[in-house]
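>>> coords below, sequence missing:
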Ligand code: ADP
């Protein structure tokens, strides 16, 4: 079977500024795949290309055998409807209750009767353990709970593909593990495919099937979570083991230390 998401020789620049080049990825159906790398390495840009918010300047992004940048009005709308997105910090609508936040995509994108919407919302809230919190407002939720509501909202329309942008940021260790497990469980229960952009190595290794490492706009390593945690590649080792120095240098480029320290002496 063809991969659900396929990037072939993708290049992208914001204006004159190249961000991605020669990107090849194949994300099989049913998998949870992490895209990892330091800040500014182009991870969010990759998600935007896959979600059709940006178009590559070269190469091709295919989702479910369709070239995303060639989709027009009706097709693009239907494509977006089948995508679940959890943006950074999972921003909820602050003036809507938990229930109405999760109901929002259903009301927006379907003509289902309110009684059915109610049951669907309660099913999604139940899946994230928050059926009892339906009447709360976002301001009354802990950070971990808010993230779970955002997850329920992202999967409200039973997406074929779920894109997560830094889903673990700002969470305490317990909430982090809960969100990690939910990402895996929701993917498997929905028969979806998930892409998780993150720099949280340990949480990701526990839940994902495959990992792509991105550095300076290129894929520098790719393999299963097990292969990546045992990898001898210097970049991957530095990332996985949190080593201070490696291919990503600790020291900002500087003249030799000895010379520098002698400066100012007679
Ligand atoms: P990551 O998600 O890995 O932190 P991004 O994809 O957000 O990286 O950004 C990659 C690079 O592109 C960064 O250098 C960033 O400053 C730049 N960038 C991101 N968005 C824009 C934009 N809208 N316009 C110009 N440059 C951008």
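Structure's in. What do you need? Just so we're clear, the structure is a prediction, and the values are computed from it rather than from any experiment. Numbering: from 1, shown residues only.
>>> okay, now the residue of the stretch 151-266 of the chain found nearest the ligand: neighbour count?
In the stretch 151-266 of the chain, the residue that lies nearest the ligand is residue 197 (6.3 Å; CB to the nearest ligand atom). Any C-beta I mention is one placed from the backbone N, CA and C, and that applies to glycine too. Number of residues near residue 197 (other CB atoms under 10 Å) recorded here: 24.
>>> so it, which of the three states?
strand (DSSP: H, G, I helix; E, B strand; the rest coil).
>>> That one bridge partners, please.
Beta-bridge pairing for residue 197 (DSSP bridges): residue 35, residue 165.
>>> quick one: it from residue 208, how far?
Distance, residue 197 to residue 208, by CB to CB, to the nearest Å: 11 Å.
>>> Residues in contact with both of those two, list them for me.
residue 34 (CB atoms under 8 Å, 6 or more residues apart in numbering).
>>> Now that residue 164 has come up, it's in contact with residue 193, right?
No. Taking CB atoms under 8 Å as the definition, residue 164 is not a contact partner of residue 193, at 11.7 Å.
>>> and stretch 88-99, is it in reach of the ligand?
No. In terms of CB under 6 Å from any ligand atom, no part of stretch 88-99 sits within range of the ligand; the closest distance is 9.0 Å.
>>> buried sites along that stretch?
Buried residues in stretch 88-99, counted by 16 or more other CB atoms under 10 Å: 90, 92, 97-99.
>>> Let me know the closest of the residues you listed to the ligand.
Closest to the ligand, out of all of the buried residues of stretch 88-99 and judged by CB to the nearest ligand atom, is residue 90, at 15.9 Å.
>>> Now the closest one. Nearest residue, chain neighbours left out?
Nearest residue to residue 90, sequence neighbours excluded (CB to CB, 6 or more residues apart in numbering): residue 150, at 3.0 Å.
>>> dump the residue contacts of residue 198.
Here residue 198 is in contact with 34-36, 164, 166-168, 204 (CB under 8 Å, 6+ apart).
>>> So what does residue 53 have for phi and psi?
When quoted as degrees, to the nearest 10, the phi and psi of residue 53 stand at phi -80, psi -20.
>>> gap between it and residue 79?
Separation of residue 53 from residue 79 (CB to CB) stands at 12 Å.
>>> So which of the buried residues of stretch 88-99 sits lowest on pLDDT?
Ranked by pLDDT, the buried residues of stretch 88-99 bottom out at residue 90 (73).
>>> Just give the nearest non-adjacent residue to residue 177, would you?
Using CB to CB, 6+ apart, the closest residue to residue 177 is residue 203 (7.1 Å).
>>> Get me the contact residues on the stretch 1-150 of the chain for the ligand.
Counting by CB under 6 Å from any ligand atom, the stretch 1-150 of the chain sits next to the ligand at 14, 17, 19, 37, 39-45.
>>> Go again with 5 Å.
Residues of the stretch 1-150 of the chain lying close to the ligand (CB under 5 Å from any ligand atom) are 14, 19, 39-45.
>>> Now do the contacts for residue 87.
Listed by CB under 8 Å, 6+ apart, the contact set of residue 87 reads residue 165.
>>> Please read the previous query as pertaining to residue 57.
Contacts of residue 57 by CB under 8 Å, 6+ apart are 11-13.
>>> quick one: it from residue 247, how far?
Distance from residue 57 to residue 247, by CB to CB: 27 Å.
>>> circling back: looks to me like the residue nearest to residue 177 is in a helix.
Yes. Per three-state DSSP, residue 203 lies within a helix segment.
>>> That one against residue 175, yeah?
No. Contact criterion CB under 8 Å: residue 203 and residue 175 do not qualify, at 10.6 Å.
>>> out of these two, which sits in the busier spot?
Counted by other CB under 10 Å, residue 203 and residue 175 do not tie: residue 203 has more neighbours, with 21 against 18.
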